[in-house]
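Peer 1: Could you look at this predicted model? Sequence included:
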Amino acid sequence: MLVSGFVPVAFVSNCILQMYARCADAVYARRVFDAMPRRDTVSWNTMLTAHCVHSGDITTAISLFDAMPNPDAVSWNALISSYCQRGMYRESVPLFLEMAHSGVASDWTTFAVLLKSRDDFTYGSVLKACAALQSLEFRLIVHDKVIKSELGSDAFVASTVVDMCCKCGMMTDAQKLHDRIGRQELVS
């Protein structure tokens, strides 16, 4: 593509970007990205993931995120999850709040990145961050968002909130929530 002068449609370019990202070759992915005449959200998210997940270059990932025209839930989730994976909890919670403030809705994927049996992101990362920071203020904000999103009735999500409450020393709240989980599972 770069050598021949062939200019593929965005779909083909995105497939090439994803190939380089999965091979942990952010340099070649960046060359393809820079040569693209039109970039869509998939293009931006692929580059963000290439830096956040595959190369561990959070600084470049933040720069890409800041340059994105319209970050979506996938974009926010990738960055928040990357912060949490690096133990940058103090940065992840405000980013989650900024996500909500920007009008990007949290979705199921936004819930439980650290529940190993699921492939989910933001809420799990943020709940772990609240627990690690032992932040009652952030716990209350996030718990409120969980309730409003109607995802609190899910056993996995509720169990993550119970864990967060326990780590924040809110044992009474944790017990009440645990008792309300409709379907008791091994994780709860």
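Peer 2: Okay, I see it.
Peer 1: in the chain, which ranges drop under the pLDDT threshold?
Peer 2: Screening the chain residue by residue with the criterion pLDDT under 70, one finds the ranges 1-8, 107-136, 139, 143, 145-147, 149-157, 182-188.
Peer 1: Secondary structure element holding residue 106?
Peer 2: Element membership of residue 106 [criterion: DSSP states H and E] is none; it lies in no helix or strand.
Peer 1: can you start the count at 13 instead of 1 from here on
Peer 2: Okay, residue one is now 13; in that scheme the one you just asked about reads as residue 118.
Peer 1: That one - how many residues pack around it?
Peer 2: Burial of residue 118 is recorded as 23 neighbouring residues (other Cβ atoms under 10 Å). For glycine as for every other residue, the C-beta is placed from the backbone atoms N, C-alpha and C.
Peer 1: Distance check, residue 30 against residue 94.
Peer 2: Using Cβ to Cβ, to the nearest Å, residue 30 is found at 18 Å from residue 94.
Peer 1: Of those two, give the one with the bigger neighbour count.
Peer 2: More crowded of residue 30 and residue 94, by other Cβ under 10 Å: residue 94, with 25 against 17.
Peer 1: Can you tell me the element that one falls in?
Peer 2: Applying DSSP H and E as the criterion places residue 94 in helix 85-97.
Peer 1: Could you do residue 71 as well?
Peer 2: Applying DSSP H and E as the criterion places residue 71 in helix 70-79.
Peer 1: Give me the residues contacting that helix.
Peer 2: The set of residues external to helix 70-79 that reach it, using Cβ atoms under 8 Å, 6 or more residues apart in numbering, is 38, 56, 59-60, 63-64, 83, 87, 90-91, 94-95, 98, 100.
Peer 1: One more pass at 10 Å, please.
Peer 2: The contact list for helix 70-79, computed with Cβ atoms under 10 Å, 6 or more residues apart in numbering, reads 38, 42, 45, 56-57, 59-65, 67, 69, 83, 87-88, 90-91, 94-95, 97-98, 100, 103, 107.
Peer 1: just the buried members of these?
Peer 2: With burial judged by 16 or more other Cβ atoms under 10 Å, the buried subset of those is 38, 42, 45, 56-57, 59-65, 67, 83, 87-88, 90-91, 94-95, 97, 103, 107.
Peer 1: This completes my enquiry, with thanks.
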